[in-house]
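Visitor: Need coordinates for the below:
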Amino acid sequence: MGGLKYWVWLSEVKGLSSRSKLLLLEHFGTPEEIYYADAGEYRLVKDLLPRQAELLSDKSLAGADQILGDCQRLGLRILTMQDADYPLRLRNIYEPPCLLYVKGQLPAFDEEVAVAMVGTRKATPYGIESAEKLAFGLARQGALVVSGAAYGIDASAHRGALRAGAKTVAVLGNGIDVVYPAGNEWLYHDVAASGALLSEYPPGTAAEGWHFPVRNRIISGLSLATVVVEAPEWRSGALITANTALEQGRDVFAVPGPIDAPMSRGCNRLIADSAAGLIMDSWDVLREYEAQYPHKLHCDRVELPQTLGYQARSEEQAKKTAAPVQEKLPALDLSAGDNGLSDDQIDVLRALRDGALQVDDVIEKTQLPTRRVLSALTVLEIDGYVQQGSGKHFSLSVTLLEE
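Guide: You can find the predicted model right below:
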């Protein structure tokens, strides 16, 4: 822990770019050596400007101690460049973050077929459906979906991966304890339960507009490929990510759209300029890596299963509220091989067969870890298979059928 505070101190030197921090680390070896160096030694660092060296004169560790305390309280891990599981892919980009804050289980990125999915927050129904279908397919076929947990395409990508029963990773432009946008609180919890939340910003950091373009280099840097689902032609963060991926030597793919659709113009332009490969399904991306990762990838045909969904579930609830007699619930066949449910989700549904239960009761009946139960319940509620009532009791919204 003693050495860790110097990593936090270095990461929090205001006005010093990630590239400058990397130059310092290459010269001195460790943040502790940087901390105890004097002004004369800083001037010996190649390509470090005098005004940048002056920023290192603040030797206060109070801020670092505060951040370390916050991380301990919140259960966050600090991953530094000296750690063996710091992704080599990320280490090799031009401006890698010297540390990352992590909540959840960090995948071994260098062994994963990680695919970034990005796009506009103002996604159309076409974009939302495309993102969810592609992410579902990518996850089912062995890839790791990486995105940014924003509204629109990001949230749809994470949701698709979660519905496939897979882990997913969100890279944030704010502190991990700051939910942004506020409506995605469920997404934060479920991504952390199944995969990981990552940020280079310490706890308590608010979401600032300039954070997100900076954050995007991490999304593309962790991934073998970046998929752009929907993006306008101008002022698009998704296009910034695509261009960053190209600069990093990574592959870029785009989902085509109608020629007169504003939210598809960025994607169509990438394809027209041969900057991105055109894709129509998940295997259009993954076939590029099949030979390199034969033990990870499998070309199975996948279809996103139909669910009740939010609108249908609301209509169903409205009918039940208005009708004097409760109508028969729709049926769900657990024995069907194409129901799109994970083993954990099936176990949770079976646990709720006899009536509404709180989370602790579901954990006791299924004997599954807490994070897996929470993940299953979240996805089942999204898909309309369960509903949450008063006192945080979960109950079935379907009638279960089995052979």
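
Visitor: Could you pull up the mean pLDDT of stretch 12-31?
Guide: Mean pLDDT, computed over stretch 12-31, is 92.

Visitor: for stretch 247-266, same thing?
Guide: Computed over stretch 247-266, the average pLDDT equals 96.

Visitor: now swap in stretch 220-238 and tell me
Guide: 93.

Visitor: Identify the bridge partners of Ser395.
Guide: Gln387 (DSSP bridges).

Visitor: what pLDDT does it get?
Guide: With respect to pLDDT, Ser395 has a value of 88.

Visitor: Please name the residues that touch Ser147.
Guide: 116-118, 153-154, 157-158, 168-171, 219 (CB atoms under 8 Å, 6 or more residues apart in numbering). Backbone N, C-alpha and C define where each C-beta goes, glycine included.

Visitor: In helices only, show me these.
Guide: Judged by DSSP state H, the contacts of Ser147 include 153-154, 157-158, 219 as members of helices.

Visitor: can you list those in a markdown table and add distance to Cys299 and neighbour count?
Guide: Below are the ones in helices among the contacts of Ser147 laid out as a markdown table (distance: CB to CB, whole Å; neighbours: other CB atoms under 10 Å):
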| residue | distance to Cys299 | neighbour count |
| --- | --- | --- |
| Ile153 | 25 | 33 |
| Asp154 | 26 | 28 |
| Ala157 | 21 | 34 |
| His158 | 23 | 30 |
| Ile219 | 26 | 25 |
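
Visitor: As CSV, these with distance to Val348 would be great.
Guide: Output for the ones in helices among the contacts of Ser147, formatted as CSV (distance: CB to CB, whole Å):
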residue, distance to Val348
Ile153, 28
Asp154, 26
Ala157, 23
His158, 20
Ile219, 31
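
Visitor: now stretch 371-378: mean pLDDT?
Guide: 80.

Visitor: how about the helices of the stretch 101-250 of the chain, start to end?
Guide: 125-140, 153-163, 185-194, 211-221, 237-247 (DSSP state H, counting those that start in this stretch).

Visitor: Please spell out which residues along the longest one are buried.
Guide: In terms of neighbour count (16 or more other CB atoms under 10 Å), helix 125-140 has its buried residues at 126-128, 130-140.

Visitor: Could you point out which of those is nearest to Glu26?
Guide: Distance to Glu26 across these (CB to CB) is lowest for Leu138, with 35.5 Å.

Visitor: which ones are touching the closest residue to that closest one other than its chain neighbours?
Guide: Nearest in space to Leu138, with sequence neighbours left out and distances taken as CB to CB, 6 or more residues apart in numbering, is Ser282 at 4.5 Å. By CB under 8 Å, 6+ apart, the residues touching Ser282 are 133-134, 136-138, 140-141, 143, 302.

Visitor: and what of Ala272?
Guide: Contacts of Ala272 (CB under 8 Å, 6+ apart): none.

Visitor: and Leu198, how many neighbours?
Guide: 25 (other CB atoms under 10 Å).

Visitor: And it, what's its pLDDT?
Guide: Predicted confidence (pLDDT) for Leu198: 98.

Visitor: Which strand residues bridge it?
Guide: Val102, Val171.

Visitor: Show me which helix or strand of this structure is least confident by mean pLDDT.
Guide: helix 309-322 (a mean of 40; mean pLDDT, DSSP states H and E).

Visitor: Pick out whichever of the buried residues of helix 125-140 sits closest to Arg91.
Guide: Leu138 (24.2 Å).

Visitor: Please list all residues in contact with that closest one.
Guide: So Leu138 contacts 115, 117, 145, 160-161, 282, 285-286 (CB under 8 Å, 6+ apart).

Visitor: Roughly how far does it sit from Asp284?
Guide: 10 Å (CB to CB, to the nearest Å).

Visitor: Need the CA coordinates for stretch 44-52. PDB is fine.
Guide: The C-alpha trace of stretch 44-52 is given here as PDB (Å, rounded to 0.1, in the frame of the first residue of the first chain):
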ATOM      1  CA  LEU A  44      17.000  15.400 -17.500                       C
ATOM      2  CA  VAL A  45      13.900  13.700 -18.700                       C
ATOM      3  CA  LYS A  46      13.800  13.600 -22.500                       C
ATOM      4  CA  ASP A  47      10.900  15.600 -24.100                       C
ATOM      5  CA  LEU A  48       9.600  16.800 -20.700                       C
ATOM      6  CA  LEU A  49       9.000  20.500 -20.900                       C
ATOM      7  CA  PRO A  50      10.100  22.900 -18.000                       C
ATOM      8  CA  ARG A  51       6.500  23.900 -17.300                       C
ATOM      9  CA  GLN A  52       5.600  20.200 -17.000                       C
END
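
Visitor: got the buried residues for it?
Guide: If you call a residue buried by 16+ other CB under 10 Å, then stretch 44-52 has these buried ones: 45, 48, 52.

Visitor: can you list contacts of that stretch?
Guide: 15-17, 20, 23-24, 27-28, 42-43, 53.

Visitor: Done for today, thanks.
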